[in-house]
Structures are given as structure tokens and as C-alpha cells.
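> Here's my sequence, what's the structure:
(one chain, ligands or ions: 1)
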Amino acid sequence: MKRAIFPGSFDPFTIGHESIVRRALHLFDEILIAIGYNSEKKGFFTIDNRIKIIEEVFENKNCIKVEKYNKLTVDFCKEKNIKFILRGLRTASDFEYERAIAQMNHFMENDIETIFLLTEAEHTPVSSTILREILKHNGDVCKFIPKCIDLKKYL
Ligand code: ADP
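Down below sits the predicted model:
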């Protein structure tokens, strides 16, 4: 069974993230969405609510799992016995950032490969950072959240 980990902050999970996961299901049998957290850094949504949002998006899909982790991504991969890291690319600056992380991960664990999927063109401007800014000012982000999940109940 081919498994991949999709690591990120997902603060919050967007239609861009959802699309990467759904498209990657053509490549992998199981995807573990892994929410990396830092106990000193408080996010906008709590880790537990981020997990609940993702579970609501993929309810009834057994091939999608969600977990949190607080260690190096490669160490979490080893713990889970997963060899592929999935990441999405939107722009050239995403590429530079992702390239460095993927190469460092590969230096650390030679048998772990990072697989990139290019974003769908219409999702290029969608970012959790911008959505948090809209939410802070009571704007409507429904169009950018899968299934138009009511984020207010998770705030
Ligand atoms: P991180 O804090 O690790 O960058 P994010 O939650 O922001 O975590 O993103 C997780 C992954 O999803 C990253 O690979 C990022 O490039 C990708 N991603 C974020 N937004 C989009 C989008 N709109 N389309 C495709 N990929 C995206």
C-alpha cells in the first residue's frame, strides 16, 4: 500500500489543500494529513479544531487520516513508516522554500522523497494566511473553505 504524509499548519484547511489531497489519491492509497505544531506558537484555530475541520471535510473517507505531530517531519515519517511527503506548489517563491525543505529532508533521510503537485490555477491566490486576515475582520471566507464548512463554530 502506497502511503504519503501531507504535512502543514492547515490554519485553516482551504480548498487549495483539499484539492491537493484529492488529486494525490490518484497516486497514493492512503494520505495522512499531519498538522505540525509548536507548543510555544499559538495558532489561529486550535490544533484540535483544525483536526475536527479536516475530519469534517473527509468524513466517510477511510483513506484520509489526520494527526498532529510535534517533531521533525522526517522523524514523524519514520515513526509512521511513510516514505513520501506530499506538498503543494503555488508560486516560484513556494518552490524556493519547498525546495530547500525537501532537500534538507532528503539529506536527513535518504529514502524519504517529497512529491509536489502544482496547484490548480484558480487556487493559486488561496492561502491560510490571507484567510486568517479576512476572518480577523469578520469577512466571509466560505468560498475558500471546503464544503463551505462553518468555521465560526471552530473559532
Ligand atoms: P506550512 O505552514 O507548512 O506552509 P500550509 O498549511 O500553509 O503549511 O501548507 C501546507 C502545504 O499546502 C504546503 O505545501 C503549501 O504549499 C500547500 N498549499 C497551501 N495553499 C495551497 C493552495 N492554495 N494550493 C495548493 N497548495 C497549497
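> Pull out the buried residues from the helix of greatest length in the chain.
If you go by DSSP state H, the chain has its longest helix at helix 92-108. Within helix 92-108, the residues that qualify as buried are Asp94, Glu98, Ala102, Asn105, counting by 16 or more other C-beta atoms under 10 Å. Bear in mind the C-beta positions are built from the backbone N, C-alpha and C, glycine included.
> what mean pLDDT does it have?
In this model, helix 92-108 has an average pLDDT of 97.
> and what of stretch 15-32?
pLDDT averaged over stretch 15-32 gives 98.
> and which of the buried residues of helix 92-108 is nearest to Lys153?
Checking the buried residues of helix 92-108 against Lys153 by C-beta to C-beta gives Asp94 as the nearest, at 30.4 Å.
> where in the chain is pLDDT low?
The chain contains no residues with pLDDT under 70.
> Contact residues of it facing the ligand?
8-10, 14, 16-17, 20, 87-88, 90, 94, 119, 123, 126-128 (C-beta under 6 Å from any ligand atom).
> Glu18 versus Ala4, what's the distance?
Look at Ala4 and Glu18: by C-beta to C-beta, to the nearest Å, they are 15 Å apart.
> Check Leu72 too.
If you go by C-beta to C-beta, the gap between Leu72 and Glu18 works out to 26 Å.
> So the two - more neighbours on which side?
Ranked by neighbour count (other C-beta atoms under 10 Å), Leu72 and Glu18 place Glu18 first, with 17 against 14.
> wouldn't that one be in contact with Val57 here?
Yes - with contacts counted by C-beta atoms under 8 Å, Glu18 reaches Val57, the gap being 6.1 Å.
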